[in-house]
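>>> Predicted model and sequence below, questions to follow.
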There are 2 protein chains.
Amino acid sequence: MSVNRRRFIGASALAGSVAFAPPTVVAATPPPEVTRILARYIVNGHFADIPGPVRKEAARTLLNWVGCALGGSRTDAVGIAISALSPFFGAAQATVLGRKERVDVFNAALLNGIASHILDYDDTHLRTVIHPAGPVVSAILALSEYQPVSGSDFLNAIVLGIETECRIGNAVYPAHYDIGWHITGTAGVFGAAAAAGKILGLSEQRMTWALSIAATQPVGLREMFGSMTKSFHPGRAAQNGLTAAFLASKSFTSSEQGIEAKSGWANVTSTARNYAEITDKLGQTYEVSVNTYKPFACGIVIHPTIDGCIQLRNQYKLTADQIRSIELRVHPLVLELTGKKTPQSGLEGKFSVYHAAAVAIVEGAAGEQQFTDRAVRNPIIMALRDRVSTTIDASIAEDQVRIKVTLTDGRTLDKYIEHAVGSVKNPMSDADLERKFAGLADGVIPADQAKRVMELCWSIASLPEAGALAKAAGA
Amino acid sequence: MSVNRRRFIGASALAGSVAFAPPTVVAATPPPEVTRILARYIVNGHFADIPGPVRKEAARTLLNWVGCALGGSRTDAVGIAISALSPFFGAAQATVLGRKERVDVFNAALLNGIASHILDYDDTHLRTVIHPAGPVVSAILALSEYQPVSGSDFLNAIVLGIETECRIGNAVYPAHYDIGWHITGTAGVFGAAAAAGKILGLSEQRMTWALSIAATQPVGLREMFGSMTKSFHPGRAAQNGLTAAFLASKSFTSSEQGIEAKSGWANVTSTARNYAEITDKLGQTYEVSVNTYKPFACGIVIHPTIDGCIQLRNQYKLTADQIRSIELRVHPLVLELTGKKTPQSGLEGKFSVYHAAAVAIVEGAAGEQQFTDRAVRNPIIMALRDRVSTTIDASIAEDQVRIKVTLTDGRTLDKYIEHAVGSVKNPMSDADLERKFAGLADGVIPADQAKRVMELCWSIASLPEAGALAKAAGA
């Protein structure tokens, strides 16, 4: 088997260039039948063909996602969604992770999708800033309790779903994202449809329709960042993908070129596209291999800053009153996504590189506790936040930062972060992921239950029924 | 009250310029708070303020929509959607028109939305080619069986919902449509959210959120035209609008500028926009007043051709074997939307101006029977279809056509249609609408029941509970 090792071997060995690919270009002659080629690949993809390291990365992705969904399960966003929509719930088919409610498959997918994203702590495909697990795992974990599926088939569907959404994302990023689409929802719907359709055993024709029914339901504007509606996107994408797969399973007809047609998804939602990103080397490379996991509970573009500030704090035993100013040289996306100068809530704090730098210095951490209303209203952190300034520098990559701290005694301290912790070049270890999971599950389910759920994630490929994982993760 | 009579008086008195407005332009300085201004208007809109002729047109819109939903209720698209999604239905809260099933509010909205659009026979706001009732009435007729609402409040919500979606459509048409969006779904979601939010009694803040949650869920690519997925769009838009309204009703937070923000709906989904179309003269003009109803069961751009061909047939007693060729000079959109030369199914026939011209000559009609598999496979119609040719002519308006028929004996017959029947300048009468309704309901519900349902539509404003209409229209 010819395999592009750069993509399928462990994330730690990957070149930074994967994360910072050049802009896509308009293909002069689009390859024919992009949607059908992708459908054929999904229909014919077998677990046996997936290399061991790819399976392992998919299991890491699953474990990280379940932890995030547990951690977000008691937030207001999930509680409100249940309160608003429960009059319309169907039969008690599927688990809402970390909660007592059992709801129909579609609403479980929505609620788990919201929960997994509300903390901004989930996985990231750095090249496209897609959060791959949200749409895909939300859809099929709920489905697994209705349509029995082996753990290996389930893991295969995760790999294929993530391959689908990230390849489509690769084809249109950054143009599509720059327009204002929240790509996790807009590309994620394809991943959810692919994974759900795989578990339903769709034929090539029906999978083609499923992808096209997905294409007509993109969800997510970047304008929603900073509100609960951002977390709605992966949940709704999961629902939309399930809807596409189930409709197609009964031959609800659709386009056969939903992605590449003149009025198809790629042309309508992007100003540039490269279909070779979708069709080339299918089955030889795996996008899940370059998935990453956040060590900090906020937007990934702030992670280099947090990493650097925590290192400076620990190295020099810094306290806020010693600091006259903090100057950050950052990638342009940092201010575009996280430029809030005066966040008013914990949620807004996740979109403020100023708050993140200050809280990292003051508290030496950037977990959920550092993005609460308490933290953003702490007078010491607020005062330090106001002494943080930023400069955009196009020579700084997305996982880098240059920090200059000027102390009240006149000294200056410099820190250059080349690859932030959690990046492709500096990934979290399995033990890091387990600690993160335990922290997220703490206070939601008992520690021994959390341990059991982690074990089910690691052993997913050998489970007779993947639904056992979902059932084990309820409250 | 200062009222723009051109818009609110009966459709028959309206100038053609309303239907064929110049392209929108980019507003140099967008007015602030477009989303909030619209929300405030919806929240404060009272039935008492709506002029009588506007109420009447809203009732005509309702009657036409109910007829279309009944007519489409037994199609494969609806049957398949029920079969695919019924395992996930919630409580039996709402009626699927023309059928025995009672399902939850959200799925009733989806199914009735599909049914009302699958025949391509529903209402059209000509300026934007939005089918206004689909998203709006699908959403709130289902809702009316769960949340009791008086007939006058229900009619008020229809007017406000249509105002919302059509004003937003006016702001971005034609740029948004030209990109490839099926505007009925992409703008319709706002109408559904507005109407449902009105019935739920949302505050201005929550209505603002509801519109933004709608903004993040546009549905519909024009690539889906010719497949069942086209009819999915208004149904899904209705569901998305309901979801937005219910989430907002419990304070699921969202943007407050979902329409006009830099990464908001109008910038992301269109290359041009004119916000004055949304905010100017709110409460003084009514878009429902320029709604139109189709006399023929296919895309509206073919109607002038059908009107002309039927007139020629009747005038000269034409038969297919007398005709050597039919030459059509048509608006450019005709070939873009309905240019299929060799339709293979009844559904595809609706997207073929060639089939439409031929069947109109051969059968003297263009109802559902003329867009069946039987009709498109009729050898006489197929042979005549192949003798139809088209020329695009930018001087021909959307409701016009120039037809030249050359007979085998060498004679030529000319017909110029200035305003097709069913257009703003040549509207269907109430009696026409009742005949259309009766034809659509025929074979679905008994004639006396159809009559009763029509009476409820005409008297909607005086009903104690609008839900009575839905209940009366089941099978």
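In hand now; what should we look at? Residues are numbered from 1 along each chain as shown, chains lettered A, B, ... in the order given.
>>> pretty sure residue A:248 contacts residue A:203?
No: contact criterion Cβ atoms under 8 Å: residue A:248 and residue A:203 do not qualify, at 9.2 Å. Glycine gets a C-beta too; all of them are placed from N, C-alpha and C.
>>> which one of those two has more residues nearby?
Neighbour count, other Cβ atoms under 10 Å in any protein chain shown: between residue A:248 and residue A:203, residue A:248 has more, with 31 against 14.
>>> name the element the more buried one belongs to?
Residue A:248 is part of helix A:229-249 when elements are defined by DSSP states H and E.
>>> likewise residue A:449?
Assigned by DSSP H and E, residue A:449 belongs to helix A:447-458.
>>> Likewise for residue A:469?
If you go by DSSP H and E, residue A:469 is part of helix A:467-472.
>>> Could you confirm whether that helix reaches chain B?
No: using Cβ under 8 Å from any Cβ of the partner chain, helix A:467-472 stays clear of chain B, with a minimum separation of 15.3 Å.
>>> So which other helices or strands are in contact with that helix?
Applying 3 or more Cβ pairs under 8 Å, 6 or more residues apart in numbering or on different chains; DSSP states H and E, we find helix A:467-472 packed against strand A:94-95, helix A:133-144, helix A:447-458.
>>> Packed most tightly, which of these would that be?
Per residue and on average, the most neighbours among the helices and strands packed on helix A:467-472 fall to helix A:133-144, with a mean of 34 (mean count of other Cβ atoms under 10 Å in any protein chain shown).
>>> Now do it, average pLDDT.
The average pLDDT for helix A:133-144 rounds to 98.
>>> Over to stretch A:296-303?
pLDDT averaged over stretch A:296-303 gives 89.
>>> Run the contact check for that stretch versus chain B.
No: Stretch A:296-303 stays clear of chain B (Cβ under 8 Å from any Cβ), getting no nearer than 14.8 Å.
>>> First-to-last residue distance for that stretch?
From its first residue to its last, stretch A:296-303 covers 7 Å (Cα to Cα, to the nearest Å).
>>> And the contacts of that stretch?
With contact meaning Cβ atoms under 8 Å, 6 or more residues apart in numbering or on different chains, stretch A:296-303 is reached by A:119-121, A:124, A:126, A:129, A:292, A:294-295, A:306-307, A:330-331, A:333-334, A:337-338, A:349-351, A:353, A:356, A:366-368, A:370-371, A:398-399, A:420-423.
>>> Pull out the buried residues from the helix holding residue A:469.
Across helix A:467-472, burial judged by 16 or more other Cβ atoms under 10 Å in any protein chain shown covers A:467, A:469-470, A:472.
>>> can you redo the residues you listed as TSV with distance to residue B:52?
Output for these, formatted as TSV (distance: Cβ to Cβ, whole Å):
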residue	distance to residue B:52
A:467	59
A:469	61
A:470	57
A:472	63
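>>> Any chance of JSON lines for those, columns distance to residue A:96 and pLDDT?
Below are these laid out as JSON lines (distance: Cβ to Cβ, whole Å; pLDDT from 0 to 100):
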{"residue": "A:467", "distance to residue A:96": "14", "pLDDT": "98"}
{"residue": "A:469", "distance to residue A:96": "14", "pLDDT": "98"}
{"residue": "A:470", "distance to residue A:96": "10", "pLDDT": "98"}
{"residue": "A:472", "distance to residue A:96": "13", "pLDDT": "98"}
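>>> what's the closest non-adjacent residue to residue A:389?
residue A:327 (5.3 Å; Cβ to Cβ, 6 or more residues apart in numbering or on different chains).
>>> Not counting residues beside it along the chain, what's closest to residue A:248?
Closest to residue A:248 by Cβ to Cβ, 6+ apart is residue A:210, at 3.7 Å.
>>> what sits against that neighbour?
Residue A:210 makes contact with A:39, A:193-194, A:196-197, A:202, A:244-245, A:247-249, A:254, according to Cβ under 8 Å, 6+ apart.
>>> tell me the SS of it?
Here residue A:210 is helix, with the state taken from DSSP: H, G, I helix; E, B strand; the rest coil.
>>> Nearest to the middle of chain A, which residue? Look it up for me.
Nearest to the mean C-alpha position of chain A, by Cα atoms, centre = their mean, lies residue A:131 at 1.8 Å.
>>> from what I can see it touches residue A:235, true?
No: using Cβ under 8 Å, residue A:131 is not in contact with residue A:235; the gap is 11.6 Å.
>>> list the residues that contact both of the two?
Common contacts of residue A:131 and residue A:235 (Cβ under 8 Å, 6+ apart): residue A:117.
>>> quick one: low-confidence parts of chain A?
Judged by pLDDT under 70, chain A has its weakly predicted residues at A:1-31.
>>> Kindly list the main-chain dihedrals of the nearest residue to residue A:136 once chain neighbours are set aside?
Spatial nearest neighbour of residue A:136, chain neighbours left out: residue A:161 (3.7 Å); criterion: Cβ to Cβ, 6+ apart. Main-chain torsions, residue A:161, degrees, to the nearest 10: phi -60, psi -40.
>>> try residue A:271
phi -90, psi -10.
>>> who are the neighbours in contact with it?
Contacts for residue A:271 (Cβ under 8 Å, 6+ apart) come out as A:175, A:179.
>>> Just give me the neighbour total for residue A:191.
As a burial measure, residue A:191 scores 37 neighbours (other Cβ under 10 Å).
>>> chain center to the strand or helix carrying it, what's the gap?
Assessed by DSSP H and E, residue A:191 sits inside helix A:188-199. How far helix A:188-199 lies from its chain's middle: 15 Å, per Cα atoms, centre = their mean, to the nearest Å.
>>> Please see if it touches chain B.
No: residues of helix A:188-199 are not located near chain B by Cβ under 8 Å from any Cβ, the shortest gap being 10.7 Å.
>>> so what does that helix touch, helix or strand wise?
So helix A:188-199, by 3+ Cβ pairs under 8 Å, 6+ apart, packs with helix A:34-44, helix A:133-144, helix A:151-172, helix A:204-215, helix A:229-249.
>>> so of those, which one's packed in deepest?
For the helices and strands packed on helix A:188-199, the largest average neighbour count (mean count of other Cβ under 10 Å) is found in helix A:133-144, namely a mean of 34.
>>> can you dump the C-alpha coordinates of that one into CSV?
Extracted C-alpha coordinates of helix A:133-144, given in CSV (Å, rounded to 0.1, in the frame of the first residue of the first chain):
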residue,chain,number,x,y,z
ALA,A,133,-15.4,15.3,15.9
GLY,A,134,-18.3,17.6,16.7
PRO,A,135,-20.5,16.9,13.7
VAL,A,136,-19.3,13.4,13.0
VAL,A,137,-19.3,11.8,16.5
SER,A,138,-22.4,13.7,17.7
ALA,A,139,-24.3,12.2,14.8
ILE,A,140,-23.1,8.6,15.0
LEU,A,141,-22.8,8.1,18.7
ALA,A,142,-26.5,8.9,19.0
LEU,A,143,-27.2,6.7,16.0
SER,A,144,-25.3,3.8,17.5
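>>> near chain B, which residues of the stretch 201-350 of chain A show up?
So far as Cβ under 8 Å from any Cβ goes, the stretch 201-350 of chain A lies against chain B at A:209, A:212-213, A:215-224, A:227-229, A:232-233, A:236, A:243, A:246-247, A:249-255, A:257-258, A:261-265, A:267-268.
>>> meant to ask about the stretch 51-200 of chain A, not that
The stretch 51-200 of chain A has residues A:77, A:80-81, A:83-85, A:87-91, A:93, A:104-106, A:146, A:179-182, A:185 near chain B, with proximity defined as Cβ under 8 Å from any Cβ.
>>> Quick one: buried ones out of these?
Buried among these (16+ other Cβ under 10 Å): A:77, A:80-81, A:83-85, A:88-90, A:93, A:104-106, A:146, A:179-182, A:185.
>>> among those, which are in helices?
Of the positions in those, A:77, A:80-81, A:83-85, A:105-106, A:179, A:185 sit in helices, assigned by DSSP state H.
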